[in-house]
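Chemist: my questions concern the predicted model and sequence given below.
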Amino acid sequence: MTRRLVVGCDAAADLREAAGTAGFDLPSLATLAELAGAGNVRLTISEELHPVSESDLRATGRVARGLELRMPPIPVLVKSALEARPERVLLASAPRDGRRIAPIDFQAWGDSLPPVIRTLEEAGIYVAVSVAPGLDAIKFAHSADAKAVELFTGSLVDLPPRERAEALDQLRDAARLASKLGMRVGVGGRLDERQLSLVLEAAPILEWAAVGRAWVGRSLLVGVDRATCDLRTALG
């Protein structure tokens, strides 16, 4: 199986803001990543359009063949996605507690998901939903007409070994159920090469993996080409 690598550029936008400089150019980063073999380039957009701005979205959309937007399922951002015409959209909850990503809270967003998914798919945009790696979340996603899910791995990477093993078992079971229900399955959330290997070993049926902050950090050290190629090798 050839798995798709999704690289997230949001950390570059954070660095740009922290440094107070325009030196971190998202369109250039996206171009280099795709040339190095990334299947998709991901930007996270929020209702405030910060730190990824509307101009970032337009400029990156002009150069990235596989642009992916990660966003909450709210009307103003659905409108932005329809205007930007990305290849893919990942629906996730709004950031909380300083985190950039959170899996969908089906109690808060469940009723809004089916019409948003339908609207985006009718526009020819591939839609996935970020979910917690549990059986109930997979069932909720399936009932919301999601055809693809991204299992959120951010909560398992810092666990002690025994708890991490249990979490990986849960992720494996969730991936199997999603596949059985006809949904495509990927992973994302605080992954680096080491964590990625553990996740792929637990759930080899995964079709894509998203790496963001670790990829940006390594790109600053060894270059975008090397960082991207190393991740593609880790994906197998």
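Modeler: Cool, the structure landed.

Chemist: just checking, what packs against the helix or strand of the chain with the lowest mean pLDDT?
Modeler: Here the helix or strand of the chain ranked lowest by mean pLDDT, DSSP states H and E is helix 10-19, holding a mean of 86. When contacts are defined as 3 or more Cβ pairs under 8 Å, 6 or more residues apart in numbering; DSSP states H and E, helix 10-19 packs onto helix 26-35, strand 40-44, helix 213-222. Glycine gets a C-beta too; all of them are placed from N, C-alpha and C.

Chemist: helices or strands up against the last one?
Modeler: It refers to helix 213-222. Using 3+ Cβ pairs under 8 Å, 6+ apart: helix 213-222 touches strand 4-8, helix 10-19, helix 224-235.

Chemist: most packed of the helices and strands packed on helix 10-19?
Modeler: strand 40-44 (a mean of 24; mean count of other Cβ atoms under 10 Å).

Chemist: what's the angle from that strand to strand 4-8?
Modeler: 30 degrees (axes from the mean of the first three to the mean of the last three Cα atoms, to 10 degrees).

Chemist: rewinding a little: possible to save the helices and strands packed on helix 213-222 as TSV with mean neighbour count and distance to R58?
Modeler: As requested, the helices and strands packed on helix 213-222 are exported to TSV (neighbours: other Cβ atoms under 10 Å; distance: least, Cβ to Cβ, whole Å):
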stretch	mean neighbour count	distance to R58
strand 4-8	25	19
helix 10-19	17	14
helix 224-235	18	22
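
Chemist: adding distance to V131 as columns, could you present those in a markdown table?
Modeler: What follows is the helices and strands packed on helix 213-222, written out as a markdown table (distance: least, Cβ to Cβ, whole Å):
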| stretch | distance to V131 |
| --- | --- |
| strand 4-8 | 16 |
| helix 10-19 | 20 |
| helix 224-235 | 21 |
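
Chemist: run through the chain and note the low-pLDDT ranges.
Modeler: Low-confidence segments of the chain (pLDDT under 70): 20-24, 95-100.
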